[in-house]
Each structure stands twice: as C-alpha cells, then as structure tokens.
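Visitor: Have a look at this prediction, sequence included:
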Amino acid sequence: MRLSGRVAAITGGALGIGRATALLFAEEGATVALGDVAHEAAETVAQEIVRRGGKAIAVALDVGDAAQVQAFVDRVVGDFGRLDVMFANAGIAHSAPFLEHPEAQWHRVLRVNLTGVFLCGQAAARQMVKQGGGRIITTASINAFRGVENLVGYNAAKAGVIELTRTMAVELAQHRIAVNAIAPAQIDTRLTRTLPEDARRRRVQRIPMARFGEPDEVARAALFLASDEASFITGHTLAVDGGYLAGGLWSGAPTGPAAG
C-alpha cells in the first residue's frame, strides 16, 4: 500500500493511461479524484474503484480552463482535506501534415496538452505549498524528442511539458514538491487501436521491444514517481518506451546489422 492515506488527482482519468493509473493508485491505498471532459466515463471508473473498496470521485473538467482547474482542486481538498499527488495526464492530438495543419487545431492541442499541464501544476502546487509538500507528475511523450511526422502541435506541446516539468521541479523543490514527467511511446489504447494495420506495423518497427506498451505499464511508472521510492527524484523525464529512444529507430530506416 505505497499510497496509503494519500489523495491523488488524475486528469484524463476516464480512459487509457489515466484509467489504469486511477485503478492502480486506488489499489495502493490512495483516494482518487478523476477529472475529465468525459465525465460519465470517469464516473464509471470512480464507481469501479468504490466497488473494489476504495474511495473515488469523478469531476467534469476541461484542463484548459483555469477556473475549472481551480474548482477541481478546491473540490478535492474540500472533500478529502488535502492533495498529495497531481497526475496531469489529460491530452489530445490532431494529425495533419505540417503544411496543412490548421491553426485552430494547433491552438486546441497546445491548450490541452501544455496550458492544461501548467494550470493543473500551478493549482496543485499552491495547495501543496500550504501542506508542506507533494508530488506532481506530467505526461510527456517520446514525441518530445523526435520530430514525428504529422503531429507538429502534439510534438511541440509535449516538448514544452518536459521543460515545464523541469522548471516546476527547480522552483518547487524548496517547498518539498517533486515534479517529474513520464514519456510513453506507443501505448495500446482505444486511440491507437483505431490506427490502420500498416500504421501500427510501422510504429512497432520503431520500438526495439517490438510491441506497443500497455496502459498499466505507464501506470506503474506513475506509481513509482508518486511513492516514497522516488523521494530524491525531481525534474526527471522517465521514458516508458520499449527502448524507442535508445534504439534511434525510424520509420522506413533499415534495422539490424546492415543499418550500421
């Protein structure tokens, strides 16, 4: 029970990585607050946690709206008395070639994926300063390190998340608040399951472990960063990528000994 007695807020908690993390945190003793625009789906996860004997609530949340973010944190503190972990996980993507990428979608993706992390981190940190400490975890991506085609807004936002994480870590360390990022590679979620088979195959070819990751594998990384086991880690980005960044593989590039 590595999170016994702690209160964790998870954005984007209705599906995929957020859902897996919520369930795991609850199993490890945390009280969980799920914030998501998909409120009904988040409520289903909260009810599942309660049926298993845990404590959880679901709150409708648009992370790009500062007032809603503050109301979410206020609700968590009002219901449970404190906030120990903020997992700023909510994110969206829009795929289009750079030359055709709509400006509106650029702003939409940055609003959720970068501004949303800033707002959630700031609101959570202000509460954690009052408490004397806490943990903030952000969801970045391996796309922050590679110019993955057709995802310019997503890539730029995730690169921003990593620098935002570092800056928060430096400024908040004096308040005993640790801030770290997780950078997943391709994870087997509802979104990636809609990819055409050829696209999935190309993505698998980029990963030395030759498979997509599972949401629970990212959730276990979040659990580590939220626990006392990570007590002297801050400002770090933990890649959960099956070796993608280490291997340097790229779509269409030769692999194996001939690749040099």
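Guide: Great, that's in hand. Numbering: from 1, shown residues only.

Visitor: partners of the longest strand seen in the chain in the sheet?
Guide: With DSSP state E setting the assignment, residue counts place strand 177-184 as the longest strand in the chain. Take DSSP bridges as the rule and strand 177-184 pairs in its sheet with strand 134-139 (parallel), strand 237-240 (parallel).

Visitor: Any idea how far the first one is from the middle of the chain?
Guide: Its chain's C-alpha centre and that of strand 134-139 lie 9 Å apart, by CA atoms, centre = their mean, to the nearest Å.

Visitor: helices and strands around whatever helix or strand comes next after it, which ones?
Guide: Scanning forward in sequence from strand 134-139 by DSSP states H and E, the next helix or strand is helix 152-172. Secondary-structure packing of helix 152-172 (3 or more CB pairs under 8 Å, 6 or more residues apart in numbering; DSSP states H and E): helix 103-110, helix 116-131, strand 134-139, strand 177-184. (C-beta placed from N, C-alpha, C; glycine too.)

Visitor: what comes up buried for the second one?
Guide: It stands for helix 116-131. Buried positions in helix 116-131, judged by neighbour count with 16 or more other CB atoms under 10 Å: 116-125, 127-128, 131.

Visitor: Can you give the contact residues for it?
Guide: Outside helix 116-131, the residues that touch it by CB atoms under 8 Å, 6 or more residues apart in numbering are 9, 11, 63-66, 69-70, 72-73, 77, 82-84, 86, 88, 90-91, 134, 136, 138-139, 161, 164, 168, 172, 175, 177, 179.

Visitor: do the same with the shortest one
Guide: Around strand 134-139, the neighbours that count as contacts under CB under 8 Å, 6+ apart are 12, 17, 83-89, 91, 117, 121, 124-125, 127-128, 161, 164-165, 168, 172, 176-182, 184, 222, 225-226, 230.

Visitor: Quick one: residues in contact with stretch 148-163.
Guide: 91, 93-98, 101, 105-106, 108-110, 113-114, 117, 138-141, 143-147, 181, 183, 237, 251.

Visitor: Excluding sequence neighbours, find me the nearest residue to Ala124.
Guide: When the adjacent residues along the chain are set aside, Ala124 lies closest to Met86, with 3.6 Å between them (CB to CB, 6 or more residues apart in numbering).

Visitor: name the element the one you found belongs to?
Guide: Using DSSP H and E, Met86 falls in strand 85-88.

Visitor: Output the contacting helices and strands for that strand.
Guide: Helices and strands touching strand 85-88, by 3+ CB pairs under 8 Å, 6+ apart, are strand 7-11, helix 16-27, helix 116-131, strand 134-139, helix 215-226.

Visitor: one more time with 7 Å, if that's ok
Guide: Applying 3 or more CB pairs under 7 Å, 6 or more residues apart in numbering; DSSP states H and E, one finds that strand 85-88 contacts strand 7-11, helix 116-131, strand 134-139.

Visitor: re the thing from before, send me the longest strand of the chain as CSV with only the CA atoms.
Guide: Output in CSV follows, covering the C-alpha atoms of strand 177-184 (Å, rounded to 0.1, in the frame of the first residue of the first chain):
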residue,chain,number,x,y,z
ILE,A,177,7.3,19.3,-4.0
ALA,A,178,8.8,16.8,-6.5
VAL,A,179,7.9,17.2,-10.2
ASN,A,180,8.6,14.5,-12.8
ALA,A,181,7.4,13.6,-16.3
ILE,A,182,6.6,10.3,-18.0
ALA,A,183,7.4,9.9,-21.7
PRO,A,184,5.5,7.0,-23.1
